[in-house]
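> Sequence isn't available, so here's the structure alone:
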Ligand code: SF4
Ligand code: SF4
């Protein structure tokens, strides 16, 4: 079987004497046996840390969880600075967490029941693999879009009863935030943790409405009734 890797200096196709293995295992085999210069990121090797996220045939996967298929094309995550081959710099994209002010703004005491925990339990499982960010088509046209994982984190804290100023979070995600999302669902589809950023963005839109915000795109739409 063969797989092709998008390296910094072009695509290289490797023949592998192994099959039915994870992409990460295949990459280590290539590095050890065929191409010592091949560069990629990995850490836990068990789907927990999110370090090894790449794109295979245009879709984001964790290399340690994906089983290679003959003819696969492996590329680095999109919208990230490529440091070398499949290794990208994720730090700049994580700055979006600051834009979304995705942490408690005004902590207050509150009783946390098991029912409350379930509201944002899933969002807390985010491993910051950046797969959702790489899959989002909005970033193609708006590089300043806050993006799915930071908005999911914003939802996690805006729904936390210990947050004493939900409005602060809501205010900070209006520009380049929730209304820029097209609700395409790519982020939800690729998330290895089963998180649903699209739904979280919808929930943030609903909360925004409670604070008097509405979709700015809707306000500027021309419905062809201009003469009436
Ligand atoms: S649902 Fe929204 S945030 Fe998610 S990938 Fe689509 S446009 Fe991006
Ligand atoms: S929301 Fe999912 S896909 Fe996005 S960074 Fe977190 S774990 Fe990765």
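Everything's here; your move. Predicted model, so just to flag it, every value in this text is computed and none were measured. Numbering: from 1, shown residues only. Ligands and ions are numbered 1, 2, ... in the order given.

> So which residue is smack in the middle of this protein?
Centre of the chain computed as the mean C-alpha position; nearest residue by CA atoms, centre = their mean is residue 132, 2.5 Å away.

> For residue 12, give me phi and psi.
Phi and psi for residue 12, reported as degrees, to the nearest 10, are phi -130, psi 130.

> and it, what are its bridge partners?
residue 5 (DSSP bridges).

> do you know how far it is from ligand 2?
With distances taken as CB to the nearest ligand atom, to the nearest Å, residue 12 is found 27 Å from ligand 2. C-betas here are computed from N, CA, C, even on glycine.

> Can you pull the phi and psi angles for residue 39?
With angles defined as degrees, to the nearest 10, residue 39 shows backbone torsions of phi -120, psi 130.

> ok, the residue nearest to the centre of the chain touching residue 185?
No. Checked against CB atoms under 8 Å, the pair residue 132 and residue 185 is beyond contact range at 10.5 Å.

> tell me which element the residue nearest to the centre of the chain is part of?
Counting by DSSP states H and E, the element that carries residue 132 is helix 131-135.

> If we go by neighbour counts, what in that helix is buried?
For helix 131-135, the neighbour count (16 or more other CB atoms under 10 Å) marks 131-135 as buried.

> JSON lines for the residues you listed, including pLDDT and distance to ligand 1?
As requested, the buried residues of helix 131-135 are arranged in JSON lines below (pLDDT from 0 to 100; distance: CB to the nearest ligand atom, whole Å):
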{"residue": "131", "pLDDT": "98", "distance to ligand 1": "10"}
{"residue": "132", "pLDDT": "98", "distance to ligand 1": "6"}
{"residue": "133", "pLDDT": "97", "distance to ligand 1": "8"}
{"residue": "134", "pLDDT": "98", "distance to ligand 1": "9"}
{"residue": "135", "pLDDT": "98", "distance to ligand 1": "6"}
